[in-house]
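> Here is a sequence with its predicted model. Questions after.
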Amino acid sequence: MDENLLLTAETLSLSPDLYLGQRVNGAFVVKNITAQTYLTVDACQWGVLSEFAQPQTVPAVLEKVIRDRTCPALGDFYELILKAYKGGILRNEQSVQFRRPAIRWFIPLPMSLIQPLAILGILAAIGIMGWKTAPVPGHWQDIALGWILLCGCLSLGYVIAASVLKASGAEIYQPHLRWQSIAPHFAVDLRDAFLERRSVRLTVDAALILPLAIAVITGIVLQTPWAIVPVIGLILQLWPLGEGFIGRIILLCRKSPRLDTEHSFIFRPNTHPIYRLKNMWRHLELVPTFLQHAWGIAWTLLAVRVGFGLFNLSITEILTDRNYWEQTGPWIIGAAIAIAVLFVTYQLRHLVLVRLRTFRKNISCTWKRWRKDGHLSANDAIVNRFITENPLLRRLEPHVQAEFARHLKPYTAKAWSTILSFDEEVSFVGIIVSGSATVYRRLKTGRKVPVLKLAEGDLFGVHGLIDPHDPKFEVCSNTPIYALVLPSYVFQSLVIEKLGAPTVFNICSLHVFLKQSPLCTQWSQQAIARFAQITQISNFVPGEKIIHEGEDARALYIVYEGSARVLHGVKQIGRVKTGEYLGEIGLLQNSAATADVEVREDTRCLVVDKVDFMRFMAHNYNVALQVEHVCSKRLGKPIFPLAGHSFDTR
């Protein structure tokens, strides 16, 4: 499954062979009947899947649900699409459909009979294991007999559970022998229980271990030598972690059922440890969490009770032995801390490695810029690499690139020196090999303001040749500069005349500017280049309003030069500086503006029309996730899903 292709270009349609299960607190299970796959969704997510009743692409559906204000959180949206496709609920032309037929099951058992019997039996087995110890087996025949009984109880549990499920009207699938298990047993696929109400699911889960519970009660009460094996088997069945019996029962206690978009992530951005921790916290419920921890403690005590009884040890003597705890207590605490540290380190290893690589890269780059012998010599390989990697120069024909390279000459400048000033005419254009520089403009008041920051691979001197608004710029170095330069008239003939001034302006000015904007810092270079192509520049004079309160959001604005203030009535509630953006929340919420935005000085903004922005974002899921993140951060709450009456912005 090509994730990128599926989420951007593939046409998907909803499978016609679907069955919807019982609704529990707004959630239900969707079953692909032919393939026997299941997906737990809520009403909002089912609304998203229903959009594919007519074949559509994922970006088209995302645009529609945002316009309709029915979009779930984007991480959940993409996770839903991938899991629905994996389960055959969504399919494309390449999807291969397979059929898994149900079997005939002739033994229905009423839930009203099995449910109280199973619950009482399991509680009684737990109580008797805590009250009395199972006898130690005398020889291997006792262990073998207990093992055979364990295998039989597990098999009988599946028979009873399948009979209860059959009586509720569900289907039974795939009878098989689990011969690779420690205790081989007969089993069937009981996942159709997901379609039923909670009481049926509880009964099916409890019926699975009812025979084993009865065997444990019988063995301990009669003090049979084979009892220890079923006891150990029941202890393992009651394991408090994971998706075992207790885990499934605790999930039934949740107010809102756990959706398939909340766990076992397959969408790559969702597998990030920070996202998983945030998702776990967002869906945390007090009662199930308390029950899980309480049962974990109870299970540990029960397992210790059984283990001590097996080795004829007195748990009371050990618990009251002060010397024992003084000696072993620090070791136990130390081991617990070490396990916790290892667990956290393992979970956050990816984040730590990324931060370390970024820190190392920044330190290495700074060191190379400032050391005396850090500048690279202008050999042919270096020149060709910088030309082919530059987003503008690589568009030139190969023979033009070769001609461009022949005119390049080395150029150096000290740190904090002026490379090009306002008053001089631009005589050369250069490409930075090592170092960083800042491009400045002068306001009407005479104050000098930074416009762009340039680094390795960026062109300088171009801005005075292509900016139609004000060609007066100054370029100052921030570090020692080593560059390759050529006369400006050569650049004019080889680059500007062949590619066009708008293209050169988009790449050399807008592309570099957008890389430094808070909105685009995490975007890929390809996404920034595409975004620069769909932007337009609008000029605003002092006192003019960019956004009017009460009007529908029509575009995204990024302040390219100048500043603006946010007004609620006559009161100023915020300020927008160069590089900052506005209007994005209104676009995603499909809502009206709640404040005026008025410019204070001559201001230029990059403007992206609503339709173009939505289409661009929908076709770039990494961009969509980052836009959602910055909008949620600005709002102080998740922007998706939207409340039906929500027009909040800040």
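Looks like it came in fine. Numbering: from 1, shown residues only.

> Show the subsequent helix or strand relative to the worst-scoring helix or strand of the chain on mean pLDDT.
One helix or strand of the chain scores below all others by mean pLDDT, DSSP states H and E: helix 315-319, with a mean of 68. On the C-terminal side of helix 315-319, the nearest following helix or strand under DSSP states H and E is helix 322-347.

> could you point out which element follows that following helix?
With DSSP H and E, the next secondary element past helix 322-347 is helix 349-370.

> can you state the direction angle for that next one and helix 322-347?
Angle between the axes of helix 349-370 and helix 322-347 is 60 degrees (criterion: axes from the mean of the first three to the mean of the last three CA atoms, to 10 degrees).

> what's the longest helix along the chain packed up against?
When the chain is parsed with DSSP state H, its longest helix is helix 140-167. Counting contacts by 3 or more CB pairs under 8 Å, 6 or more residues apart in numbering; DSSP states H and E, helix 140-167 packs against helix 111-131, strand 172-178, strand 185-189, helix 198-222, helix 228-237. Where you see a C-beta, it was placed from the backbone N, CA and C, and this is true even at glycine.

> Could you list the buried residues of that helix?
Using 16 or more other CB atoms under 10 Å as the test for burial, helix 140-167 gives 142, 146-147, 149-167.

> picking that back up, same list (the helices and strands packed on helix 140-167) but as CSV, adding mean pLDDT and mean neighbour count.
Output for the helices and strands packed on helix 140-167, formatted as CSV (pLDDT from 0 to 100; neighbours: other CB atoms under 10 Å):
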stretch, mean pLDDT, mean neighbour count
helix 111-131, 93, 17
strand 172-178, 92, 14
strand 185-189, 95, 18
helix 198-222, 94, 22
helix 228-237, 93, 22
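
> Could you list the low-pLDDT ranges of the stretch 301-450 of the chain?
Residue ranges of the stretch 301-450 of the chain with pLDDT under 70: 313-319, 347, 350-351, 372-378.

> Try it again at 90.
301, 304-333, 335-336, 339-391, 422-427, 433-434, 441-450 (pLDDT under 90).

> how far does the longest helix of the chain sit from the chain's center?
Chain-centre distance of helix 140-167: 42 Å, with CA atoms, centre = their mean, to the nearest Å.

> how much space is there between residue 433 and residue 389?
Using CB to CB, to the nearest Å, we find residue 433 at a distance of 12 Å from residue 389.

> Compare those two and say which is more crowded by neighbours.
residue 433 (22 against 11; other CB atoms under 10 Å).

> Tell me the backbone dihedrals of the more buried one, please.
For residue 433, the backbone dihedrals (degrees, to the nearest 10) come out as phi -90, psi -40.

> Distance-wise, check it relative to residue 363.
Taking CB to CB, one finds residue 433 at 19 Å from residue 363.

> now do residue 33
Taken as CB to CB, the span from residue 33 to residue 363 is 58 Å.

> Neighbour count for those two, which is higher?
residue 33 (16 against 10).

> contacting residues around the closest residue to the more buried one other than its chain neighbours?
Distance criterion CB to CB, 6 or more residues apart in numbering; nearest residue to residue 33, sequence neighbours excluded, is residue 17 at 4.6 Å. Taking CB atoms under 8 Å, 6 or more residues apart in numbering, we find residue 17 in contact with 32, 33, 34.

> Show me what the first one bridges to in the sheet.
Read it as residue 32. With DSSP bridges as the criterion, residue 32 is bridged to residue 18, residue 37.

> how many other residues sit next to it?
Neighbour tally, residue 32, other CB under 10 Å: 21.

> so where's the stretch 551-650 of the chain uncertain?
Within the stretch 551-650 of the chain, the stretches with pLDDT under 90 are 551-554, 560-563, 567-574, 576-580, 582-596, 600-604, 630-650.

> could you redo the last one with a cut-off of 80?
Along the stretch 551-650 of the chain, the parts satisfying pLDDT under 80 run over 553, 642-650.

> Which residue ranges of it form strands?
Remark: strands assigned in the stretch 551-650 of the chain by DSSP state E, counting those that start in this stretch are 555-561, 564-568, 571-576, 581-582, 596-599, 603-609.

> Setting aside sequence neighbours, what's the nearest residue to residue 547?
That would be residue 597: by CB to CB, 6+ apart, it lies 4.2 Å from residue 547.

> Next, count neighbours for residue 594.
By other CB under 10 Å, neighbour count at residue 594 equals 17.

> Quick check: phi and psi on it?
Torsion angles, degrees, to the nearest 10, at residue 594: phi -110, psi 10.

> ok, back up a step: give me whichever of the strands of the stretch 551-650 of the chain is most buried.
strand 555-561 (a mean of 24; mean count of other CB atoms under 10 Å).

> Grab the nearest non-local neighbour of the spatially most distant residue from the centre of the chain.
When distances are taken from the C-alpha mean of the chain, residue 138 lies farthest, 55.3 Å away, according to CA atoms, centre = their mean. Residue nearest to residue 138 in three dimensions, not counting chain neighbours: residue 225, with 5.4 Å by CB to CB, 6+ apart.

> how near is the one you found to residue 146?
For residue 225, the distance to residue 146 - CB to CB - is 8 Å.

> same deal with residue 233?
Distance of residue 233 to residue 146, computed by CB to CB: 9 Å.

> dump the residue contacts of residue 547.
Contacts of residue 547 by CB under 8 Å, 6+ apart are 553, 557, 582, 583, 593, 595, 596, 597.

> Would you mind measuring from it to residue 593?
Note on residue 547: its distance to residue 593, by CB to CB, is 5 Å.

> Leaving out the residues flanking it, which one is nearest to residue 244?
In space, residue 244 is closest to residue 237, 6.8 Å off (CB to CB, 6+ apart).

> For residue 29, see how far away that neighbour is.
Distance from residue 237 to residue 29, by CB to CB: 24 Å.

> Would you mind giving the helices and strands packed on helix 140-167 as TSV with distance to residue 443 added?
Below are those laid out as TSV (distance: least, CB to CB, whole Å):
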stretch	distance to residue 443
helix 111-131	78
strand 172-178	74
strand 185-189	72
helix 198-222	67
helix 228-237	75
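
> how far is stretch 110-130 from where the chain is centred?
That offset, for stretch 110-130, works out to 41 Å (CA atoms, centre = their mean).

> what are the ranges of the helices in the stretch 1-150 of the chain?
3-8, 43-50, 58-67, 74-86, 111-131, 140-167 (DSSP state H, counting those that start in this stretch).

> For the third one, which residues meet the burial criterion?
What that stands for is helix 58-67. 58, 59, 60, 61, 62, 63, 64, 65, 66.

> Next one: the second one, what pLDDT does it get?
Residue 59 is assigned a predicted lDDT (pLDDT) of 95.

> ok, it touching residue 10?
No. With contact defined as CB atoms under 8 Å, residue 59 does not reach residue 10; the gap is 10.2 Å.
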